[in-house]
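with the input below, show me the fold.
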Amino acid sequence: MTRTDAVKVYERLLDLPAEGEALQHGHCNASLSLPLLDLILSHIEDHKARNIISIGSGTGLLERLLELHSHRKEEVDVYGIEVSKDVNLYLDQERMLYTNTDLAVSHVGRDILLEAYLTTYSADDPEWGEEGSPRTIVIFGPRSEFVGFEASEVLQGWARGGEKKVLGGAEAGLREWEVVGIWKRVR
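All right, here's what the predicted structure looks like:
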């Protein structure tokens with residue numbers, strides 16, 4: 001797979017009706033749609049930073065689509081974090097970060113990978129501080145996986161009581177069995 005293949009998928013998204021339809025693709029765990037891309041990108045528009053870190057980026061298809069879609073507005077840089085070096089098909093290698101294998105052994109859900117990331121890049125750590133820590137976290141996928149994120153004490157602590165919004169199905173440009181959660185950190 002190449003960047004050109006991602007462009008073809010993006011062109012298919014442009015052909016979808018504006019509301020209520022999403023594309024299923026074997027290289028992405030979640031449904032793909034322009035409303036989903038718009039939703040994710042809308043949460044970085046009010047920040048000076050133009051970086052998106054995708055934890056558990058897999059093949060990198062969604063991440064590459066975000067880059068392509070951001071060219072219509074203000075360009076963003078998307079980086080993937082993944083356990084295996086063998087799964088990335090779409091993101092440039094210099095945009096990929098790989099975790100150590102010890103974490104991979106204990107990884108039973110993406111919530112553990114997110115917690116490890118938030119612990120490492122904590123706003124309370126003098127090395128990273130507020131500027132090095134994420135400002136907004138957007139999580140999406142099957143409702144069945146979402147319970148771990150909602151229960152995560154690390155994620156709730158990171159948010160410091162900030163805004164939390166959960167959107168389901170078509171409301172988020174996804175299928176009815178998928179959900180998007182958005183956490184915004186209180187500074």
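
over to Gln24: give its phi and psi.
With angles defined as degrees, to the nearest 10, Gln24 shows backbone torsions of phi -90, psi 130.

what about the closest residue to Arg50 other than its chain neighbours, how many neighbours?
Spatial nearest neighbour of Arg50, chain neighbours left out: Val76 (4.7 Å); criterion: Cβ to Cβ, 6 or more residues apart in numbering. The C-beta positions use only the backbone N, C-alpha and C, and glycine is treated the same way. Counted with other Cβ atoms under 10 Å, the burial measure for Val76 works out to 18 neighbours.

the most centrally placed residue in the chain bridge partners, please.
By Cα atoms, centre = their mean, the mean C-alpha position of the chain lies nearest to Ser54, the distance being 4.4 Å. Here Ser54 sits in beta bridges with Gly80, as judged by DSSP bridges.

doesn't Leu62 make contact with it?
Yes - shown here, Ser54 and Leu62 form a contact pair, counting by Cβ atoms under 8 Å, at 7.1 Å.

mind exporting stretch 21-30 as CSV, just the C-alpha atoms?
Written as CSV, here are the backbone C-alpha positions of stretch 21-30 (Å, rounded to 0.1, in the frame of the first residue of the first chain):
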residue,chain,number,x,y,z
GLU,A,21,-23.0,6.8,5.3
ALA,A,22,-19.6,5.5,6.2
LEU,A,23,-17.0,3.5,4.4
GLN,A,24,-15.8,0.2,5.8
HIS,A,25,-12.2,-0.6,4.9
GLY,A,26,-10.2,-3.6,5.8
HIS,A,27,-7.2,-1.5,6.9
CYS,A,28,-9.1,0.5,9.5
ASN,A,29,-10.9,-0.7,12.6
ALA,A,30,-13.5,2.1,12.5
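
quick one: the residue nearest to Arg50 and Ile52 touch, right?
Yes - between Val76 and Ile52 there is a contact under Cβ under 8 Å: 5.7 Å.

okay, and the common contacts of these two?
Contact criterion Cβ atoms under 8 Å, 6 or more residues apart in numbering; residues shared by Val76 and Ile52: Ile44, Leu66.

and Thr59, how far is that from Trp177?
Spatial separation of Thr59 from Trp177 under the definition Cβ to Cβ, to the nearest Å is 21 Å.

returning to that earlier point: what's the separation between the residue nearest to the centre of the chain and Met96?
Counting by Cβ to Cβ, the separation of Ser54 from Met96 is 10 Å.

what do these two both touch?
With contacts taken as Cβ under 8 Å, 6+ apart, Ser54 and Met96 have Gly60, Tyr79, Gly80, Ile81 as neighbours in common.

could you dump these into TSV and include distance to Ser152, pLDDT and neighbour count?
Compiled in TSV, those are given as follows (distance: Cβ to Cβ, whole Å; pLDDT from 0 to 100; neighbours: other Cβ atoms under 10 Å):
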residue	distance to Ser152	pLDDT	neighbour count
Gly60	24	90	28
Tyr79	22	86	18
Gly80	21	85	26
Ile81	17	82	17
